[in-house]
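Novice: below is the sequence, then the predicted model.
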Amino acid sequence: MSEPTDADRYPTLSEAGRAMLTRMTEHPAAPTYRNRSGNRLLPEDLPALAAFEAETLSAPIGWRPGEPPEWIAPFLAETYAEVPHLRARGAAPRTLADVPTLSRRDLARDIAAFVPDSVPIDRLINFRTTGTTGHPLLIASHPVVAARYLSFHKRALARFGIGLRAGAGDVGVVLLGHQERCFTYVSVVPAMGEAGLAKINLHPADWRDPDDRARYLDALAPEVVAGDPISFAALLDLPVTMRPRAMLSVAMMLTDGLRDRLEARFGCPVLDLYSMNEVGPIAVADRDSGARVLLQPRLYVEIVDDAGRALPPGARGEVCVTGGFNFCLPLVRYRTGDTAELGEMGNAPVLKNFSGRRAVRFRTARGSWVNNIDISHALTALSAAQFAVHQDAAGAFILALSGDATADAPMAEAALRQLLGDVPIAIAEITSDDKVLQYTSDLAGSVAG
């Protein structure tokens with residue numbers, strides 16, 4: 001297969017859009033962009049995306065806790081007919097409660113079995129997510145699905161009175177990472193007049209001069225900065241003067257302390273988004289109430305116990321979702337691994353007492369820190385179904401593996417030493433089938449914020 005061209009990556013690219021790409025890649029302080037990507041949107045995709053955004057911004061959630069919406073029954077019938085994994089079970093159950101739950105492990109076994117037969121493969125895209133629980137996962141997606149994220153981000157921003165203004169000639173969004181190895185690229189957003197989008201890695205290894213990080217961010221002056229707690233903690237150490245209108249924290253749990261520091265430094269709201277690669281943006285934190293307000297009108301949320309039984313409103317359990325906006329990966333009772341209670345606020349369902357994935361970093365033999373995502377990258381070749389990494393207060397590591405730990409141990413230990421240096425590493429076995437907390441540390445400063 002030949003390497004994609006810019007015409008493949010940006011089918012609707014104008015001269016103004018091309019100038020934006022050049023500006024982001026050829027700036028004197030620009031980082032090393034290690035990858036090439038693009039929106040891959042065709043002209044005929046754009047009207048449908050505009051209609052989807054209008055509906056998303058105006059539609060109510062439309063259901064109450066414990067009361068599945070009317071669209072669930074036809075959704076079950078369609079998915080059981082179109083999705084190979086579900087079709088193999090037989091006829092669609094009469095009620096959602098009769099459907100067995102799914103987990104990340106199910107998707108990791110064979111993601112193709114969860115893609116509907118009706119999805120054409122010519123524009124299918126996939127990406128690998130490291131996550132914080134279980135194995136890395138391949139996600140089936142589509143350029144239109146990727147573009148739909150913006151609608152839910154706009155819905156979240158609207159709760160804070162922010163409407164995006166970036167257009168032609170502006171940089172709309174900068175996505176931050178802070179990892180030893182990070183997927184980085186530039187693109188433009190057709191729905192925002194080809195405003196620029198850049199995914200950058202704040203790790204010094206991606207820059208000719210570490211001081212270029214602040215110079216480059218100030219030159220781009222993005223309207224929105226998105227990242228996770230670890231990359232935001234790194235951003236606070238840089239002498240940037242940029243003033244974004246909003247910041248979006250995704251992927252990991254954001255502490256109140258870190259949010260306070262970010263808002264004081266940048267003078268803008270910091271939105272704490274509950275988002276997963278499998279599901280997209282699920283909810284945004286409402287700081288006054290402590291609840292998380294749901295964002296997707298076509299996503300039904302249950303709270304379930306260990307056996308997958310739906311719990312009543314107010315009971316604490318695992319967040320389980322059905323529906324979503326990714327037509328390449330329709331989810332039916334998918335367990336997220338996060339815990340909460342389901343309640344109401346203003347006659348709309350919300351998640352209360354939410355507990356999600358915390359950002360954890362680990363200290364190397366050199367005294368530097370590495371992101372838990374770097375650990376996932378280092379251990380990507382594992383055959384074990386689950387692994388867990390713990391660093392004790394003295395800096396020693398325990399790597400726990402499911403199944404026969406001895407089979408993967410030599411390779412895993414060598415991979416960790418290459419990343420972490422000469423640190424003590426003990427190998428243990430995970431003997432339980434229950435989920436494990438994958439990344440933990442007893443070291444002070446291991447949790448960002």
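Specialist: That came in fine, so what should we check first?
Novice: going forward, measure contacts and count neighbours with C-alpha atoms only.
Specialist: OK.
Novice: okay, now residue 429: neighbour count?
Specialist: 16 (other Cα atoms under 10 Å).
Novice: give me the element it is part of.
Specialist: Per DSSP states H and E: residue 429 is located in strand 425-430.
Novice: quick one: mean pLDDT for that strand?
Specialist: The predicted model gives strand 425-430 an average pLDDT of 90.
Novice: that strand: partners in the sheet, and parallel or antiparallel?
Specialist: Strand 425-430 pairs in its sheet with strand 397-402 (parallel), by DSSP bridges.
Novice: okay, the strand it pairs with in PDB with CA atoms only?
Specialist: The C-alpha trace of strand 397-402 is given here as PDB (Å, rounded to 0.1, in the frame of the first residue of the first chain):
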ATOM      1  CA  PHE A 397       9.100  -2.100  41.200                       C
ATOM      2  CA  ILE A 398       6.700  -5.100  41.300                       C
ATOM      3  CA  LEU A 399       5.300  -6.300  37.900                       C
ATOM      4  CA  ALA A 400       2.300  -8.600  38.300                       C
ATOM      5  CA  LEU A 401       1.200 -10.700  35.300                       C
ATOM      6  CA  SER A 402      -1.800 -12.900  34.800                       C
END
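Novice: show residues contacting that strand.
Specialist: With Cα atoms under 8 Å, 6 or more residues apart in numbering as the test, strand 397-402 has contacts from 384-391, 408, 423-431.
Novice: please repeat the previous calculation with a cut-off of 6 Å.
Specialist: The contact list for strand 397-402 (Cα atoms under 6 Å, 6 or more residues apart in numbering) reads 384, 386-391, 424-430.
Novice: any idea which of those residues is closest to residue 177?
Specialist: When the contacts of strand 397-402 are compared for distance to residue 177 (Cα to Cα), residue 389 wins out at 20.9 Å.
Novice: helix or strand for the closest one, which one?
Specialist: According to DSSP H and E, residue 389 maps onto strand 387-391.
Novice: ok, that strand: who's next to it in the sheet?
Specialist: strand 397-402 (antiparallel), strand 439-441 (parallel).
Novice: export those to JSON lines and tack on mean pLDDT, mean neighbour count and distance to residue 347?
Specialist: Shown next, in JSON lines, are those (pLDDT from 0 to 100; neighbours: other Cα atoms under 10 Å; distance: least, Cα to Cα, whole Å):
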{"stretch": "strand 397-402", "mean pLDDT": "88", "mean neighbour count": "21", "distance to residue 347": "44"}
{"stretch": "strand 439-441", "mean pLDDT": "88", "mean neighbour count": "21", "distance to residue 347": "37"}
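Novice: export these to JSON lines and tack on distance to residue 149?
Specialist: Below are these laid out as JSON lines (distance: least, Cα to Cα, whole Å):
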{"stretch": "strand 397-402", "distance to residue 149": "35"}
{"stretch": "strand 439-441", "distance to residue 149": "28"}
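Novice: quick one, which of these is nearest to residue 282?
Specialist: The nearest among those, by Cα to Cα, is strand 439-441 at 22.8 Å.
Novice: ok, residues contacting that closest one?
Specialist: Against strand 439-441 from outside (Cα under 6 Å, 6+ apart): 388-392.
Novice: can I get the CA coordinates of the strand holding residue 429 in CSV?
Specialist: Output in CSV follows, covering the C-alpha atoms of strand 425-430 (Å, rounded to 0.1, in the frame of the first residue of the first chain):
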residue,chain,number,x,y,z
ILE,A,425,12.1,-5.4,39.6
ALA,A,426,10.2,-8.3,41.2
ILE,A,427,7.8,-10.4,39.2
ALA,A,428,4.5,-11.6,40.7
GLU,A,429,1.4,-13.5,39.4
ILE,A,430,-2.1,-12.2,39.2
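Novice: what sits up against that strand?
Specialist: With contact meaning Cα under 6 Å, 6+ apart, strand 425-430 is reached by 397-402, 405.
Novice: which parts of stretch 162-181 are buried?
Specialist: 164, 166-168, 170-181 (16 or more other Cα atoms under 10 Å).
Novice: okay, how far is it across that stretch, tip to tip?
Specialist: 33 Å (Cα to Cα, to the nearest Å).
Novice: ditto for stretch 177-197
Specialist: Start to finish, the residues bounding stretch 177-197 are 14 Å apart (Cα to Cα).
Novice: may I see the buried residues of it?
Specialist: 177-182, 184-197.
Novice: pLDDT (mean, whole number) over the helix or strand where residue 85 lies?
Specialist: Per DSSP H and E, residue 85 falls inside helix 84-87. If you average the pLDDT over helix 84-87, you get 97.
Novice: contact partners of that helix?
Specialist: Here helix 84-87 makes contact (Cα under 6 Å, 6+ apart) with 80-81, 113-114.
Novice: can you pull the poorly scored residue ranges out of the stretch 101-250 of the chain?
Specialist: Within the stretch 101-250 of the chain, the ranges that satisfy pLDDT under 70 run 130-136.
Novice: tell me where it has helices.
Specialist: Residue ranges of the helices in the stretch 101-250 of the chain, as given by DSSP state H, counting those that start in this stretch, are 104-109, 143-158, 212-220, 229-236.
Novice: CA atoms only: put the shortest one into CSV for me.
Specialist: Once non-C-alpha atoms are left out, helix 104-109 reads as follows in CSV (Å, rounded to 0.1, in the frame of the first residue of the first chain):
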residue,chain,number,x,y,z
ARG,A,104,-12.3,-4.2,27.4
ARG,A,105,-11.0,-7.8,27.4
ASP,A,106,-13.8,-8.8,25.0
LEU,A,107,-12.9,-6.0,22.5
ALA,A,108,-9.2,-6.8,22.8
ARG,A,109,-9.7,-10.4,21.7
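Novice: buried residues in that helix, which are they?
Specialist: 104, 107-108.
Novice: with adjacent residues omitted, what lies nearest to residue 177?
Specialist: residue 201 (4.6 Å; Cα to Cα, 6 or more residues apart in numbering).
Novice: contacts only, for that neighbour.
Specialist: So residue 201 contacts 176-178 (Cα under 6 Å, 6+ apart).
Novice: quick one: it from residue 350, how far?
Specialist: Computed as Cα to Cα, the residue 201 to residue 350 distance reads 33 Å.
Novice: quick revisit: from the chain's centroid, how far away is the helix holding residue 85?
Specialist: Offset of helix 84-87 from its chain centre (Cα atoms, centre = their mean, to the nearest Å): 26 Å.
Novice: cool, stretch 24-33 as well?
Specialist: For stretch 24-33, the distance to the chain centre is 25 Å (Cα atoms, centre = their mean).
Novice: much appreciated, bye for now.
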